[in-house]
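> Pasting the sequence and the predicted model now:
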Amino acid sequence: MECADYLIAAGTSTADSVRWMKKWRKAMNVIRTCHRLTRLTLLSADILRRTGSYVTIKIHDDADADATCTSNSAAAAAVKFSVAPDDKDFKGLVKDKRVDCFHRLGGAAKIAAALASGTEVGISGDESDVRRRREAFGSNTYPRRKPKGFWRHVWDALSDVFLIVLLVCAAVSLGFGIKEHGLKDGWYDGVSIFLAVFLVAAVSAVSNHGQAKRFDRLASESDDIAVTVVRGGRRQEVSIFDVVVGDVVVLKIGDVVPADGVFLDGHALQLDESSMTGEPHPVHVDAEKSPFLASGVKVIDGYGQMLVTAVGTDTAWGEMMGSITREKTEPTPLQERLEGLTSSIGKVGIAVAVLVFAVLTARHFTGSTRDDQGQPLFDKQRVTFNSVFSALVGIFQQAVTIIVVAIPEGLPLAVTLTLAFSMKRMVKEHALVRTLSACETMGSVTAICTDKTGTLTLNQMKVTEFWVGTDRPKAVAAVDGGVVSLLCQGAGLNTTGSVYKPDNVSPPEISGSPTEKALLSWAVAELGMDADALRRDCKVLHVEAFNSDKKRSGVLVRDNATGAVISHWKGAAEMVLASCSAYVGTDGEPRELGVEQRTNLEKVISDMAAGSLRCIAFAYKQQVDGEQSKIDDEGLTLLGLVGLKDPCRPEVKAAIEACTKAGVAVKMVTGDNVLTARAIAKECGIISDKDRNGIVIEGQEFRAMSPEQQLEIVDRIRVMARSLPMDKLVLVQRLKQKGHVVAVTGDGTNDAPALKEADVGLSMGIQGTEVAKESSDIVIMNDNFDTVVTATRWGRCVFNNIQKFIQFQLTVNVAALIINFVSALTSGKMPLTTVQLLWVNLIMDTMGALALATDKPTKTLMRRPPIGRTAPLISNAMWRNLAAQAAFQVAVLLALQYRGRDIFGVSEKANGTMIFNAFVLCQVFNEFNAREIERKNVFAGVLRNKMFLGIIAVTIAMQVVMVELLTKFAGTQRLGLVQWGVCVAIAAMSWPIGWAVKLIPVPDRPLHEIVATRKFF
């Protein structure tokens, strides 16, 4: 301290001396505290790791802090853009590829300065800075087409041709009613039909409008991707919509360029601009000849950083996207099949309506149709145009109503509802659906080809083993300093990750892929790597990014102090070892890699792999020339081996077991060593000792086979190790040739062909590249295999819900058609009025779809085999159930039609009301039956389905209103408690009938196949 006092006193004033003395005392306090903490650590752990690093302590006093704050505030206030936001040359810099303007502005560095940004630290990133940039240069969004409004959905619902016909009939009925009975009593029939039609249209519009808004929200979520930017010198992820002009964006293979910008730095950066130019050839980006990166293009190789110069509609991509209208126009496969079923049922309904019209017309004009007093409705002695036309309109109106009831327009609505409901619930369970048809197809999946890392495992890698040559040092202190220095270069420079140390106290922030983060964490903690010092001391000359074929990456660096040029390689241990001719020991001395040493090292690698570790090797080579275009990868010297442990997800074993029970084969496709892959597969339950037929194969062996041989073994493959992206593609193709419905998981750019080829492509939301996500149908947002199983369960639920609704609706259709047809033939009039039939149509279409299409998946769904691609929409069990219920309803209601007045002693109108009431209540009770097609307990889980219970309650309440209050509107008469009790008792009979009929066994084979193969004599 005396020396310090002397130095301070020699060149400063008394006030300064006091201030500096305070600094020295603070420094000494810090040193003493660190020393005591170190001694405490030694006493508790008895371990001391020696590192070559040092810590710089920077002490600020209050005066410095105040001065710093003042200068920062002044600087923030003074920062202005030297480029005008409305400068046409600057705005068109990337869009028009203005190379002359780029050089005139001074290149990327000067443009960054003009935008108050830095090539290394980026923008400051605080709220005021981001807001100021957004106000000046715009946001990274584009105007979206306004979705359909509610009234447009109402108009679409009213555009149905049969509803239009009913409206015309209602208008005619209103006119004739007022003319014959006066305004006071003549408007009921016409206005009632008008109100009923508008009620049907309004309920349908409300439902469709809600689903459209939900689809738009889900589409917006799928567009919101994470972008890595550098702000304030720190890497961080922000939404693509939050990127602003001046941001420094970090790009790697598979990323989509989020905005227009210019190249700052990077290596071997190549872009696919086919989405903008249509040219399939890759474009090389460099700082001089081709510095422009356009929004929307994809990175297919290398990595780099870019400076954002334009966002939103100022980019060509933004202009194009702003002009695109997003409409869901393509029907899903299930919707197409249902449209065919709707058309068939509609034809039957039209045929019945034509027959009913003919019969009713003949009976009416022959005097066979009589009123309540038994008098003919048509007086042959007093024939007038009005009476004939009015009668024809009334009969035609009833016939059209039969068509409206018969055509199950609720089927497409049911598909839309269940798809929207499933998509919403799947998002909550971490599966974002990008393609609607994928929801359906997942229910038919018979094989899942899945990645290992991050999907079956936790993606939390950690270095657990470290070898130098054939030795496993107990501590890094036992390794020569030169070897440690080379390992630091290999880990810290040959990487796409980064290490950011905000201050001396906080732990370093490490970003990158899980493998890179594990290696960098190990290098910082164990080797004492100083990332900032490495970047200062070494210059990267050339980079070869990680390649799926070679399974390794390389970097060529020059030591700034010595001028030495060194190539570093890192990758799959056996691949790197094959290129090595020497190795170093813990003493740092290079040794020749002979046969014995190579065998020993291969055993080390095999032992790691058998222990489910991923083995990574580091190697280097001294080079003479740093101007080579390719990094030398022959005759390398092995530096060391590390083993990374990535534990299996705790829930994955149960998920794979669920797939096995559901008849879905799980196949693991990984780039790992075959021993590592086998160990992980056994741990996950993909392979077991009981599975005698399952095989584990390497990609190289599979590639060497002929297509016929591949087809022969493809069902038996459980694990494919050391696979290439094309191996996964071929595996998918062979499985599809064998008749499988295939789902594939993928996260890399090279997985895109397999994701597109598969029936359902599932990309990873965390580790997946944007190219992979765009090629997929569903994004697994938590990268968890259990979510894949959840998507399969929801896919089966979609098909199951549709089948429930079909069974319910066809029961109503069959019963209504038979009752009306028989009544028309025998009595010349229909038991249900037009308004009553429209009310029944509302119950079974919109409200039935809401009730049955929103059921959640049950555990039993995953105990059944997968749904075939061509599985019939109406199974034999459904035919059995609906035939029994329809026969019961027809028998009871026809009995009421002919004998109800005598049995209950009621009037014709009261009897008609009882028929209407019993028919509606039968549908309410049958909705419970429709919840389960094969299980006898139809009440299982009903209390958890709030939507179902709500619809039932609303239907019953509205039925009471129709019968008891809206008597003129519905053409009903108020009923007593006994009559209500009879109606409820009749309807309740459907429950025991539904239970009993399920005791009748039915064949699994579709009915049409049985009929086709049966010989009739």
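Perfect, thanks for sending it. Residues are numbered from 1 along each chain as shown.
> what sits against the closest residue to M461 other than its chain neighbours?
In space, and not counting its chain neighbours, M461 is closest to A518: 3.8 Å by Cβ to Cβ, 6 or more residues apart in numbering. C-beta coordinates here come from the backbone N, C-alpha and C atoms, glycine included. A518 sits next to M461, K462, V463, L644 when contact means Cβ atoms under 8 Å, 6 or more residues apart in numbering.
> Okay, helices next: where are they in the stretch 451-600 of the chain?
Using DSSP state H, counting those that start in this stretch, the helices of the stretch 451-600 of the chain run over residues 481-492, 514-525, 531-537, 573-578, 595-610.
> what angle sits between the first one and helix 514-525?
With axes from the mean of the first three to the mean of the last three Cα atoms, to 10 degrees defining the directions, helix 481-492 sits at 150 degrees from helix 514-525.
> What helices and strands are in contact with helix 481-492?
Here helix 481-492 touches helix 514-525, helix 531-537, strand 565-572, strand 613-623, strand 636-645, going by 3 or more Cβ pairs under 8 Å, 6 or more residues apart in numbering; DSSP states H and E.
> So which of these is nearest L893?
L893 sits nearest to helix 514-525 of all those, at 66.2 Å, using Cβ to Cβ.
> distance of A704 from K736?
The gap separating A704 from K736 is 21 Å, by Cβ to Cβ, to the nearest Å.
> neighbour count winner among the two?
More crowded of A704 and K736, by other Cβ atoms under 10 Å: K736, with 16 against 10.
> Check which residues of the helix or strand containing the more buried one are buried.
Using DSSP states H and E, the element containing K736 is helix 725-737. Residues of helix 725-737 classed as buried: P725, D727, K728, L729, V730, L731, V732, Q733, R734, L735, K736 (neighbour count, 16 or more other Cβ atoms under 10 Å).
> Likewise for stretch 872-882?
In stretch 872-882, the ones that count as buried by 16+ other Cβ under 10 Å are I874, S875, N876, A877, M878, R880, N881, L882.
> How about stretch 306-320?
306-318.
> One more: stretch 691-698?
Neighbour-count burial for stretch 691-698, with 16+ other Cβ under 10 Å as criterion, is recorded at G694, V696, I697, E698.
> now stretch 258-274
Within stretch 258-274, judged by 16+ other Cβ under 10 Å, the buried ones are 258-264, 266-273.
> thinking again about what came up before, now pLDDT and distance to S124 too, for the buried residues of stretch 691-698, in JSON lines please.
Below are these laid out as JSON lines (pLDDT from 0 to 100; distance: Cβ to Cβ, whole Å):
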{"residue": "G694", "pLDDT": "88", "distance to S124": "57"}
{"residue": "V696", "pLDDT": "93", "distance to S124": "53"}
{"residue": "I697", "pLDDT": "94", "distance to S124": "54"}
{"residue": "E698", "pLDDT": "92", "distance to S124": "51"}
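> how many other residues sit next to N784?
Neighbour number of N784 under other Cβ under 10 Å is 25.
> and what of D503?
As a burial measure, D503 scores 6 neighbours (other Cβ under 10 Å).
> SS state for V197?
Three-state assignment for V197 (DSSP: H, G, I helix; E, B strand; the rest coil): helix.
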